[in-house]
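**Q** prediction below, plus the sequence it came from.
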Amino acid sequence: MFDWIKIRNFVHKRTLFCSAAVMEEGGIRMFPIGTLRVGRDGTATYFELFARPVAEGTPITFMAVDAGLWFWLTSLLKGRFDRPPAVRLMGRVGPKRACSDEEAEGWHRRVGILLKTRGGKALWSRPGPIREVVFERAEPVKIGKVTHHLQDWALVV
């Protein structure tokens, strides 16, 4: 069993995302995601803003990477990470739906002042449809000895 609250807290702070979906033809489609919102129960949503659509049920993996410069610097100096530098979230894409007014408002709050720029308006003024995701697994990324002690980090102990 996974500690989705711990994973959610990791994902919703200082992280950058990339995702990959396995296509029917066996190929992989990679796309950046800046809108992943993880629930407390292993479900999530993301705005399908710049991602090419994939079919419902498609396997998908998200990589959430801690982008904190101080975190990386102190971890490398100590020779040990206190938390994972990144987490892989694996699951399946759910149905597409229109975003609610509340979800759109939350998106606009996250984009913040960038929405006031010409480029920000062009990119993010209309967040678009939402995709549901159901996660089946979560794994901290391992980088040799400096993360070996974190192998059970995502599990409920």
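**A** Here it is on my side, so go on. Numbering: from 1, shown residues only.

**Q** relative to residue 51, how far out is residue 14?
**A** Going from residue 14 to residue 51 by Cβ to Cβ, to the nearest Å gives 22 Å. Bear in mind the C-beta positions are built from the backbone N, C-alpha and C, glycine included.

**Q** quick one, which of the two is more surrounded?
**A** For residue 14 against residue 51, the residue with the higher neighbour count under other Cβ atoms under 10 Å is residue 51, and the figures read 20 against 14.

**Q** now the strands for the chain?
**A** Ranges of strands within the chain are 15-22, 28-32, 37-38, 43-47, 59-66, 86-97, 130-140, based on DSSP state E.

**Q** what's the angle from the first one to strand 59-66?
**A** Right, strand 15-22. Between the axes of strand 15-22 and strand 59-66, defined by axes from the mean of the first three to the mean of the last three Cα atoms, to 10 degrees, the angle is 160 degrees.

**Q** elements contacting strand 15-22?
**A** Contact analysis of strand 15-22 by 3 or more Cβ pairs under 8 Å, 6 or more residues apart in numbering; DSSP states H and E lists strand 28-32, strand 59-66 as its packing neighbours.

**Q** tell me which residues in stretch 136-147 are buried?
**A** When neighbours are counted by 16 or more other Cβ atoms under 10 Å, the buried residues of stretch 136-147 are found to be 138, 139, 140, 141, 147.

**Q** low-scoring stretches of this protein, by residue?
**A** 23-27, 32, 157 (pLDDT under 70).

**Q** would you mind finding the most buried of the helices and strands packed on strand 15-22?
**A** Per residue and on average, the most neighbours among these fall to strand 59-66, with a mean of 20 (mean count of other Cβ atoms under 10 Å).

**Q** who does that one pair up with?
**A** Under the criterion DSSP bridges, strand 59-66 sits next to strand 15-22 (antiparallel), strand 86-97 (antiparallel) in its sheet.

**Q** how about those strands in TSV, adding mean neighbour count and distance to residue 123?
**A** Formatted as TSV, the entries for the strands paired with strand 59-66 read as follows, by neighbours: other Cβ atoms under 10 Å; distance: least, Cβ to Cβ, whole Å:
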stretch	mean neighbour count	distance to residue 123
strand 15-22	17	16
strand 86-97	18	20
